[in-house]
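K.L.:
With the sequence up front, the predicted model follows.
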Amino acid sequence: MKSFKNKVAAITGAASGMGRTLAVELASRGCHLALSDVNATELAKTAELAGAHGVKVTIAKLDVANRDDVFAWADQVAKDHGRVNLIFNNAGVSLTVPVESCKISDFEWIMGINFWGVVHGTQAFLPHLKASGDGHVINTSSLFGLMSIPSQGTYNASKFAVRGYTECLRMELEMEGAGVSATCVHPGGIATNIAMAGKIDPAMEKITGVSAEHQKRRANKMINTTTAHSAALQILAAVEKDQRRVLVGPDAKFLDKLVRLLGASYQRLVIRHVARMNKPRQPVRATS
């Protein structure tokens, strides 16, 4: 897909972050849009921003974990726009919790959105993409779909699953000669609200010695490496080049190389880094 002009793109998680910037950037290139999110208020703002570029924009309040609703949305998008060329399975959430104490309901919640949401979106839109004759599936994994980190076991599981699923999909589409391709996106630290909106288990306060709010602010500061707009540009460039995988941001590129170089031994470096982060700070003594 060398141009997005007059194409139709569906985007989940379009109310903020990468979803919003992808929508606005695609609209600026003449791409018509079908946008969805659970946050109807912010979704309407995205639609207004994208619509200012003169393209057709439709919106739907949608929980991607609900399979029936995703399939109904896909059919409605095809009906409203006449065709669908791209699906960006972008919706995602975060959960910080030790593996041992994670409640199964929380595990099901994050997998329902981060992984099953990708599966639902892919399966619902794939027939429409094939019918268009020029389609692309873009699934959002993460840097944490390439490496793991303590307290992110559930998030790691969901994003590693997206990676494996998308790589398999890409190979099957090539073997089929379907006229549809697939790209797996691995963002590093992107300046979005995912950290502030994420869940933190109360057990983490005992482990780290700091409040959940402080942990969110610290995580938000750490991921503020690449702007959402820059991320959108990198993702769209990868689609144009039909890349199998796109590493978004300098941290993603560096840490991917580190993991490839060290193999499983990278875990020792991560343990030392996390331990240093969670080490209680010594109070500053007043001097006379």
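P.N.:
Great, that's in hand.
K.L.:
Where do the strands of the stretch 51-200 of the chain begin and end?
P.N.:
Along the stretch 51-200 of the chain, the segments classed as strands by DSSP state E, counting those that start in this stretch run 57-61, 86-89, 95-96, 135-140, 180-187, 199-200.
K.L.:
Pick the most deeply packed of those.
P.N.:
For the strands of the stretch 51-200 of the chain, average neighbour numbers computed from mean count of other CB atoms under 10 Å are highest in strand 86-89, which has a mean of 29. To be clear about C-beta, it is placed using only N, CA and C from the backbone, and glycine gets the same treatment.
K.L.:
what bits of this protein have low per-residue confidence?
P.N.:
Residue ranges of the chain with pLDDT under 70: 191-224, 278-288.
K.L.:
Just give me the longest helix of it.
P.N.:
Secondary structure of the chain per DSSP state H: the longest helix is helix 153-176.
K.L.:
buried sites along stretch 95-103?
P.N.:
Going by neighbour count (16 or more other CB atoms under 10 Å), the buried part of stretch 95-103 is L95, T96, V97, C102.
K.L.:
CSV for the strands of the stretch 51-200 of the chain, including distance to W116?
P.N.:
Output for those, formatted as CSV (distance: least, CB to CB, whole Å):
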stretch, distance to W116
strand 57-61, 18
strand 86-89, 10
strand 95-96, 15
strand 135-140, 12
strand 180-187, 16
strand 199-200, 17
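K.L.:
what's the closest of the ones you listed to A252?
P.N.:
strand 180-187 (5.6 Å; CB to CB).
K.L.:
Break down the stretch 151-288 of the chain into its helices, ranges please.
P.N.:
153-176, 194-197, 203-208, 212-222, 228-240, 250-262, 266-278 (DSSP state H, counting those that start in this stretch).
K.L.:
right, and those - which one's nearest G51?
P.N.:
That would be helix 228-240 among the helices of the stretch 151-288 of the chain, by CB to CB, at 17.2 Å.
K.L.:
just checking, what packs against the closest one?
P.N.:
When contacts are defined as 3 or more CB pairs under 8 Å, 6 or more residues apart in numbering; DSSP states H and E, helix 228-240 sits against helix 17-28, strand 135-140, strand 180-187, strand 245-248.
K.L.:
can we see that at 6 Å?
P.N.:
Counting contacts by 3 or more CB pairs under 6 Å, 6 or more residues apart in numbering; DSSP states H and E, helix 228-240 packs against helix 17-28, strand 180-187, strand 245-248.
K.L.:
hang on, L62 packs against N39?
P.N.:
No. Counting by CB atoms under 6 Å, L62 sits too far from N39 to count as a contact (10.4 Å).
K.L.:
between the two, who's got more neighbours?
P.N.:
L62 (23 against 15; other CB atoms under 10 Å).
K.L.:
so what's the closest residue to that one other than its chain neighbours bridging to?
P.N.:
Residue nearest to L62 in three dimensions, not counting chain neighbours: S36, with 3.8 Å by CB to CB, 6 or more residues apart in numbering. When bridges are called by DSSP bridges, S36 pairs up with A60.
K.L.:
So what's the residue count around S36?
P.N.:
Based on other CB under 10 Å, the number of other residues close to S36 is 27.
K.L.:
count of neighbours near L261?
P.N.:
By other CB under 10 Å, 9 other residues sit near L261.
K.L.:
again, but for A275
P.N.:
When neighbours are counted by other CB under 10 Å, A275 registers 10.
K.L.:
need the contact list for it.
P.N.:
Residues counted as contacts of A275 (CB atoms under 6 Å, 6 or more residues apart in numbering): none.
K.L.:
any idea how far V99 is from it?
P.N.:
Going from A275 to V99 by CB to CB, to the nearest Å gives 17 Å.
K.L.:
Spatially, which residue comes closest to A52, not counting chain neighbours?
P.N.:
Distances taken as CB to CB, 6+ apart place A27 nearest to A52, at 7.7 Å, with adjacent residues excluded.
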